[in-house]
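In: missing the sequence, but the structure's below:
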């Protein structure tokens, strides 16, 4: 074989050697690089197993691939793609491209825990060489498709965290549309990563090519020249580019090692398959990136060494599926220019029309035309392979071909962009269309090309149409991208969905909506009229809990403990968020199973608090209606509460325990045992922490108030379960706060326990207002009283009085700085404001005119009580009892008392009392006489 190809590129070697000697003043590094590139091309061409170099999402590569597959008709196609993704490729026929093949692992074993979840995606578009190879292999009888690249597990084994993405996008460039985030934070793998890794080289190419982005340079200087080239020319040029970028790549040891290990991995897998099946290498085709096609590792080729050992995979369990992708998502993930993939799709369609190459499409795929003739027509005979000739020299020496100006095409673009601009709020006219047309030609001439490219047209449209501001949501650059093909969003078909996603669609079928379509759809549920829709409501609320907020959004109706809606309205966009639904399918076979697993995972997490566990209990009751799971998580909440040594979650614990208690008291005959134990343990727990919390600087006033709220509101239940009130009284007695707001909170607790009267509390506040040294700190006392409304709501009238006195008596330099604190306190404690407003409504006059004469109740002097006059009829109570003795007899019999009725003297009882006890009157007389 080597003899047959000997001297193929000798002429090119001689010319490059002469050029290196002339331009570099003698043989040096330049000669080594140029001759090394030719050697790499010659080395790859000599390989018995044909290597087909490609570039990802390249129309020229896709066209050359379709042409070569029809000529060669290989029996085995080796493809540079993660080998564990092979079972999914047959499901591509049930999808609308672009889609991405995904490997997903929610739980890791063998990797750092903070890496979870792990995700790898490989996007596939119709205008790509890999799709042509897949479609050919799957729909051609007797052809085997073998994926030979490293597995998804090895992607994370070999790549350091933060350097996963082979095509790193600019992290500071936000995507223009939400479809750009379809891949999430998954690691992207692509077939044919071909971009200079030498920053100075890329900058040089862009500057001298008079372009702004690498995608534009590739389109102008590679895509267009190779669009009509033959197989040998295409192959040798791609090998040349791959070798050039490889030899000028920076010496990043990690990246070089990963690239070489991937090449060793792929060639090892191919030799293993050849040895196992006995396939002739001449009947095989190896599709890989041009960068890897120019490899010089020892394992390269069918006759390479077998010294590379493939490491075993980790114990991580990987799930595989298809997720929708989009042009914007591919561009964002691999750092391509915005609109470049859409432009590539347009160029792909033009290439097919111009070259008349018949592409491969999977049978039955959305967008393909079914033709019976294709099934019965005999496949053309394969073209015998000829010895490769030197096509590289002729390609490098030929002058650039200047395409003639297609005025009709450019005129159509100009008119269409003006029409699109008008629809989006721009004040564009026919004059703008003419300006765009002329500016496109001018820009193309300045950039040394006769025919304006889509990038030239885009710059001209932005210059001529877009003024100072963008009137709508889309700017002109985005409008051009949409006009050139738009951001096509793929869709995974029903048959290719995981079981969970199919189950969701089946259970929501009564809604009669096309849930797989993108966009927002309105669902109306009349549960009272159609009780069967309640099951759909349950599914929607669980999806609301599991998926992004915009995927399932309730418009009318809510779900609370003990409440059920009779009518609901929803905005559904499951088609737009299909990826999130598919990834749920990696966690279980039903949404109930996934929700239960997530609740358990959150409740048993190391960082879980009693509040988070109680939230899981509430969700288990609200969405799953599972008493078993709620009891299990509630018991665990008791253990978590006992282990806590801080009061950070006290407000949330109080809110959720109150809600659960209210639910169980109205829906269950008896309280669950776990919540009784929780109240009992919480009473003792917070009594123990209360003295420390009053003086702890890390504990806030709101948290201490929540502790008191738990103790006071749960006191009746706790005492009935065997707790001792002395615990609470002792805890309050041992509390000695120093901060003003906490002192006020303690006073409120003492009033609740009866250790402090309201008169004493009022006197303490008056003393503070009368003390000039204490006046600056008085607003902090008021803040404490506001927080005390939660545990001691009976002080609402006093708090209204205290706030009113503050507004009346505090000077402005003290009062005004406190007003923002008052507002934030009422806003954070949303349950406090209604109490104050209601009490203030009862206290203050309802009309403005009555305010001038109004006197606060706490300042009004009480009128002397009038002496009661005795009616002539005597004591009505005695007469009533005497007339109706049956009631008293029944009560006495019930209490077990015995006695007889006796008659009373109807005379004045008061005079009789003075007659029987005259000593009191005589003492009063002596006292008055002495005075």
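Out: Noted; the coordinates are in hand. Nothing here was measured: the structure is a model prediction, and the numbers come from that model.
In: for stretch 644-657, list every residue counted as buried.
Out: For stretch 644-657, the neighbour count (16 or more other CB atoms under 10 Å) marks 644, 647, 649-654, 656-657 as buried. Where C-beta positions appear, they are placed from N, C-alpha and C, glycine not excepted.
In: can you redo those residues as JSON lines with secondary structure?
Out: Formatted as JSON lines, the buried residues of stretch 644-657 follow (DSSP: H, G, I helix; E, B strand; the rest coil):
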{"residue": "644", "secondary structure": "coil"}
{"residue": "647", "secondary structure": "coil"}
{"residue": "649", "secondary structure": "coil"}
{"residue": "650", "secondary structure": "helix"}
{"residue": "651", "secondary structure": "helix"}
{"residue": "652", "secondary structure": "helix"}
{"residue": "653", "secondary structure": "helix"}
{"residue": "654", "secondary structure": "helix"}
{"residue": "656", "secondary structure": "helix"}
{"residue": "657", "secondary structure": "helix"}
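In: between these, which sits nearest residue 216?
Out: residue 652 (54.0 Å; CB to CB).
In: quick one: end-to-end length of stretch 823-835, please.
Out: Length of stretch 823-835, first residue to last, CA to CA, to the nearest Å: 15 Å.
In: please apply the same query to stretch 38-54.
Out: 18 Å.
In: now do that stretch: distance to the chain's middle.
Out: In terms of CA atoms, centre = their mean, to the nearest Å, the centre of stretch 38-54 is set 45 Å apart from its chain centre.
In: show me what counts as buried in it.
Out: Under the neighbour-count criterion of 16+ other CB under 10 Å, stretch 38-54 has 38, 40-45, 47, 49-54 buried.
In: helix or strand right after the worst-scoring helix or strand of the chain on mean pLDDT?
Out: Using mean pLDDT, DSSP states H and E, the weakest-scoring helix or strand in the chain turns out to be helix 372-376, at a mean of 42. Once the chain leaves helix 372-376, the next helix or strand it forms, by DSSP states H and E, is helix 392-397.
In: what residues sit buried inside stretch 82-96?
Out: Neighbour count says stretch 82-96 has 82-86, 88-89, 91-96 buried, by 16+ other CB under 10 Å.
In: if you look at those, which of them are in strands?
Out: 82, 95-96 (DSSP state E).
In: those into a markdown table, with extra columns for pLDDT?
Out: A markdown table is the format used below for those (pLDDT from 0 to 100):
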| residue | pLDDT |
| --- | --- |
| 82 | 91 |
| 95 | 88 |
| 96 | 88 |
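In: list just the nearest of the buried residues of stretch 644-657 to residue 914.
Out: Once CB to CB is applied, the member of the buried residues of stretch 644-657 that ends up nearest residue 914 is residue 654, at 58.6 Å.
In: how about residue 40, phi and psi?
Out: phi -60, psi -40 (degrees, to the nearest 10).
In: with adjacent residues omitted, what lies nearest to it?
Out: Leaving aside its chain neighbours, residue 40 sits nearest to residue 243 (3.8 Å; criterion: CB to CB, 6 or more residues apart in numbering).
In: that neighbour against residue 37, yeah?
Out: Yes. Using CB atoms under 8 Å as the test, residue 243 is close enough to residue 37 to be in contact (4.5 Å).
In: show me which of these two is the more surrounded one.
Out: Higher neighbour count among residue 243 and residue 37: residue 243, with 26 against 23, using other CB atoms under 10 Å.
In: list the contacts of the more buried one.
Out: 36-37, 40-41, 294 (CB atoms under 8 Å, 6 or more residues apart in numbering).
In: which SSE is immediately downstream of the strand or helix carrying it?
Out: Using DSSP H and E, residue 243 sits within helix 231-247. In the C-terminal direction, the helix or strand that comes right after helix 231-247 (DSSP H and E) is helix 253-277.
In: list of residues touching that following helix?
Out: So helix 253-277 is in contact with 49, 76, 78, 80, 83, 144, 146, 148-150, 154, 158-160, 163, 197, 249, 279, 281, 284, 286, 288, 291-292, 295, 297, 299-302, 304, 306, 308, 310, going by CB under 8 Å, 6+ apart.
In: now, which of those lie within strands?
Out: Reading strands off the contacts of helix 253-277 with DSSP E, I get 76, 78, 80, 144, 146, 148-149, 284, 286, 288.
In: filter those to the buried ones?
Out: 76, 78, 80, 146, 148-149, 284, 286, 288.
In: can I get the ones in strands among the contacts of helix 253-277 in JSON lines with pLDDT?
Out: Converted to JSON lines, the ones in strands among the contacts of helix 253-277 look like this (pLDDT from 0 to 100):
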{"residue": "76", "pLDDT": "94"}
{"residue": "78", "pLDDT": "94"}
{"residue": "80", "pLDDT": "92"}
{"residue": "144", "pLDDT": "94"}
{"residue": "146", "pLDDT": "94"}
{"residue": "148", "pLDDT": "92"}
{"residue": "149", "pLDDT": "92"}
{"residue": "284", "pLDDT": "94"}
{"residue": "286", "pLDDT": "94"}
{"residue": "288", "pLDDT": "91"}
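In: would you tell me which one of the residues you listed comes nearest to residue 853?
Out: residue 149 (89.1 Å).
In: so what's the closest one up against?
Out: With CB under 8 Å, 6+ apart, residue 149 has these contacts: 79-83, 189, 262, 265-266.
In: please name the nearest non-neighbouring residue to it.
Out: Per CB to CB, 6+ apart, closest to residue 149 is residue 80, 5.0 Å.
In: ok, the one you found touching residue 290?
Out: No. Between residue 80 and residue 290 there is no contact under CB under 8 Å: 10.8 Å.
In: can you pull out the helices in the stretch 801-931 of the chain?
Out: 812-828, 832-843, 876-883, 886-895, 909-916, 919-930 (DSSP state H, counting those that start in this stretch).
In: no wait, the stretch 51-200 of the chain
Out: So, for the stretch 51-200 of the chain - with DSSP H, counting those that start in this stretch - the helices run 59-72, 129-139, 152-158, 199-209.
In: now the ones you listed as a markdown table including mean neighbour count and mean pLDDT?
Out: Shown next, in a markdown table, are the helices of the stretch 51-200 of the chain (neighbours: other CB atoms under 10 Å; pLDDT from 0 to 100):
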| stretch | mean neighbour count | mean pLDDT |
| --- | --- | --- |
| helix 59-72 | 24 | 91 |
| helix 129-139 | 24 | 92 |
| helix 152-158 | 21 | 88 |
| helix 199-209 | 13 | 74 |
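In: select, out of those helices, the one closest to residue 632.
Out: Per CB to CB, nearest to residue 632 of the helices of the stretch 51-200 of the chain: helix 152-158, 33.8 Å.
In: low-confidence regions, the stretch 251-400 of the chain specifically.
Out: Along the stretch 251-400 of the chain, the parts satisfying pLDDT under 70 run over 251-252, 366-389, 399-400.
In: show me what contacts the most centrally placed residue in the chain?
Out: In the chain, the residue lying closest to the centroid (CA atoms, centre = their mean) is residue 548, at 5.9 Å. By CB under 8 Å, 6+ apart, the contact list for residue 548 reads 577, 580.
In: okay, it and residue 296: tell me how far apart.
Out: 47 Å (CB to CB, to the nearest Å).
In: what of residue 227?
Out: Counting by CB to CB - residue 227 and residue 296 are separated by 30 Å.
In: out of the two, which sits in the more crowded spot?
Out: Set residue 227 next to residue 296 and count neighbours by other CB under 10 Å: residue 227 wins out with 18 against 15.
In: which residues does that one contact?
Out: 59-60, 63, 347, 351, 354-355.
In: try residue 603
Out: Taking CB under 8 Å, 6+ apart as the test, what residue 603 contacts is 612-613, 616, 633, 636-637.
In: hmm, 7 Å instead?
Out: 612-613, 616, 633, 636 (CB atoms under 7 Å, 6 or more residues apart in numbering).
In: nearest to residue 568, of the helices of the stretch 51-200 of the chain?
Out: helix 152-158 (40.4 Å).
In: give me the distance from the closest one to the chain's centre.
Out: That offset, for helix 152-158, works out to 24 Å (CA atoms, centre = their mean).
In: other SSEs contacting that helix?
Out: Helices and strands touching helix 152-158, by 3 or more CB pairs under 7 Å, 6 or more residues apart in numbering; DSSP states H and E, are strand 118-124.
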